[in-house]
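Asks: Here's my sequence, what's the structure:
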Amino acid sequence: MLETIKSQWAARVTVAIFLFFTIWWIILQFMNLPPESEHNQLWGALYGLIALWGGIWGVLIAQKWGGFRSIIGRSILLFALGLLFQEIGQISYAYYISFLHQPIPYPSIGDLFFYATIVLYIAAVTYMAKAAGVHISLNSLTGKLQAIAIPVGILLFSYFFFLREYVFDFSQPLTIFLDLGVPLGQAIYISLAILTFTLSKGTLGGVMKNKVLFILFALLAQYLADWTFLYQASQETWYTGGINDYMFLVSYFLMSFGLIQLLTIFKKLKQ
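Replies: Numbers count the residues shown, from 1 in each chain. Predicted coordinates:
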């Protein structure tokens, strides 16, 4: 990580953006503002810029790795598009709150982009798992058991917290699709991330190992942020600029930095 910060100006800018929004957020907490404060709204509208920054760099770095012509290039590109879609969703939410001054409808265009991010992350982790050699470890009995137990456990967890008492309203098919698809989709991509970590430990090595694990950790941070959002929304305790928004800031930073680290690896391999 320190090596990337020293060698890549894009990484230094990423850290600077993260620290700027972190310090700003801490100041807002000490100001003890009401949730609907314009200061909170402004912070909530702008912190997604780090996802925009990381997404743009991810697209550029993916081209270095061959884009869709290579497995790693596809994975990087899909992660980058996921970051960009997150920012589009953030902008959509900010538009309703800051410009239209009205509650965010559900579902909205932003929710569709947030859901699309989940699909992109699932595909991205799948390609990363192939690059990490997960298929080799699946030949063992332990690998097969993990491949079954981890997804089932997380799916049951998602069902228990979000879907156990769900009431279907078939007059709103898109709402049903998102209500079911978001927690289940998140369960799939975090399951794949955990499997990639646990099943590739014996096959993934060299300069790529820590960088891949960093991105998998970023996915875990994204999952925790998404889970917190769903929980707070169900309890009607979510507000702009709160702890959940800061969790998203952290997850965007980790993913952005993780992708930029792959540029350092590419340059090393080319030497």
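Asks: alpha carbons only for contacts and neighbour counts from here, please
Replies: OK.
Asks: and the closest residue to F68 other than its chain neighbours, what does it touch?
Replies: Closest residue in space to F68, ignoring its immediate chain neighbours: R74 at 4.7 Å, by CA to CA, 6 or more residues apart in numbering. Residues near R74 by CA atoms under 8 Å, 6 or more residues apart in numbering: A62, G67, F68, A124, Y127.
Asks: So R74: helix, strand or coil?
Replies: helix (DSSP: H, G, I helix; E, B strand; the rest coil).
Asks: quick revisit: closest to S251 among the contacts of R74?
Replies: Closest approach to S251 among the contacts of R74 (CA to CA): A124, at 16.1 Å.
Asks: quick one: the host helix or strand of I118 to chain centroid distance?
Replies: Assigned by DSSP states H and E, I118 falls within helix 109-132. Relative to the chain's own centre, helix 109-132 is displaced by 9 Å; criterion: CA atoms, centre = their mean, to the nearest Å.
Asks: Next, L100: phi, psi?
Replies: Here is the backbone geometry of L100 (degrees, to the nearest 10): phi -90, psi -20.
Asks: and the residue minimising distance to the centre of the chain, what is it in contact with?
Replies: Geometric centre of the chain, nearest residue: Q222, 4.0 Å, by CA atoms, centre = their mean. Counting by CA under 8 Å, 6+ apart, Q222 makes contact with M247, F248, S251, Y252.
Asks: how close does it sit to F30?
Replies: 26 Å (CA to CA, to the nearest Å).
Asks: With I91 instead?
Replies: Applying CA to CA to I91 and F30 gives a distance of 26 Å.
Asks: hmm, back to that, now do the buried residues in the helix or strand that the residue nearest to the centre of the chain is a member of.
Replies: Using DSSP H and E, Q222 sits in helix 209-235. Within helix 209-235, the residues that qualify as buried are 211-230, counting by 16 or more other CA atoms under 10 Å.
Asks: next one: stretch 70-85
Replies: For stretch 70-85, the neighbour count (16+ other CA under 10 Å) marks 71-85 as buried.
Asks: next one: that stretch to chain centre, how far?
Replies: 12 Å.
Asks: Only alpha carbons, please: show it as CSV.
Replies: Presented in CSV, the C-alpha positions along stretch 70-85 are these (Å, rounded to 0.1, in the frame of the first residue of the first chain):
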residue,chain,number,x,y,z
SER,A,70,-8.1,-10.9,-20.6
ILE,A,71,-9.7,-12.4,-17.5
ILE,A,72,-8.0,-9.9,-15.2
GLY,A,73,-8.9,-7.0,-17.5
ARG,A,74,-12.5,-8.0,-17.5
SER,A,75,-12.6,-8.2,-13.7
ILE,A,76,-11.0,-4.8,-13.3
LEU,A,77,-13.3,-3.2,-15.8
LEU,A,78,-16.4,-4.6,-14.2
PHE,A,79,-15.3,-3.4,-10.8
ALA,A,80,-14.7,0.0,-12.2
LEU,A,81,-18.1,0.1,-13.9
GLY,A,82,-19.6,-0.9,-10.5
LEU,A,83,-18.0,2.2,-8.9
LEU,A,84,-19.3,4.4,-11.7
PHE,A,85,-22.8,3.0,-11.3
